[in-house]
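>>> show me how the following folds:
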Amino acid sequence: MKKRLLNSVIIICLGLLISCKTDNVEGIILKNTLVELQDYSENKRMASLIKATLNEDSEAFKQLINFPTGGGESSYNLGYVITQIIYRIGGNKTIELIKNYDSRDLNLLQGMINVGLEYGDNDYDGKMDEIFIKDEFPDLLKYINERK
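Numbering: from 1, shown residues only. From the prediction side, this is the model:
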């Protein structure tokens with residue numbers, strides 16, 4: 001009887017711990033597929049990287065754009081996270097953050113921005129935006145292209 005009760009308590013605690021994953025970090029929305037494929041520690045790590053990036057931490061931003069998502073729709077959703085951050089801190093601050101990135105990281109960032117703008121809902125109207133980096137962040141695109 002005690003063993004069954006202990007097992008029930010452990011299962012309930014694990015369920016609560018798993019349900020504590022966040023899908024919103026200081027207003028930055030993490031879409032469902034991204035959150036669902038993360039375990040608790042990955043979710044907390046991503047939340048920490050988002051917060052640090054919002055505080056203009058270049059290394060955190062690099063880790064975020066290289067964050068393992070498992071591919072597919074989760075990668076698109078990470079792109080959406082990236083574009084929300086860029087809108088929040090601005091294109092010029094983003095350029096400052098990426099000054100020491102190599103061409104691989106810059107290419108990855110550009111790809112993330114492309115999918116985040118096209119498939120994300122950056123204006124929060126419930127629809128994919130289908131917008132492009134050249135229109136939204138022309139200075140950032142110019143900087144990335146000059147550095148690659």
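
>>> buried residues, stretch 136-148. List them.
For stretch 136-148, burial by neighbour count (16 or more other CB atoms under 10 Å) applies to 136-137, 140-141, 143-144. Placement of C-beta: from N, CA and C, glycine included.

>>> avg pLDDT for it?
The average of the pLDDT scores along stretch 136-148 is 95.

>>> what sits up against that stretch?
83, 86, 91-92, 94-95, 98, 101, 103, 106-107, 109-110, 113, 117, 133-134 (CB atoms under 8 Å, 6 or more residues apart in numbering).

>>> which among the residues you listed end up buried?
Buried among the contacts of stretch 136-148 by 16+ other CB under 10 Å: 83, 86, 91, 94-95, 98, 101, 106, 109-110, 113, 117, 133.

>>> which members of those residues define the maximum pairwise distance?
101 and 117 (19.2 Å; CB to CB).

>>> looking at the contacts of stretch 136-148, which are in helices?
83, 86, 91-92, 94-95, 103, 106-107, 109-110, 113, 117, 133-134 (DSSP state H).

>>> out of these, flag the one nearest to residue 65.
Set against residue 65, the nearest of the ones in helices among the contacts of stretch 136-148 by CB to CB is residue 109 (5.1 Å).

>>> surely the closest one and residue 66 touch.
No - assessed by CB atoms under 8 Å, residue 109 is found out of contact with residue 66, at 9.5 Å.

>>> ranges for the strands of this protein?
Secondary structure of the chain (DSSP state E): strands at 24-25, 28-29.
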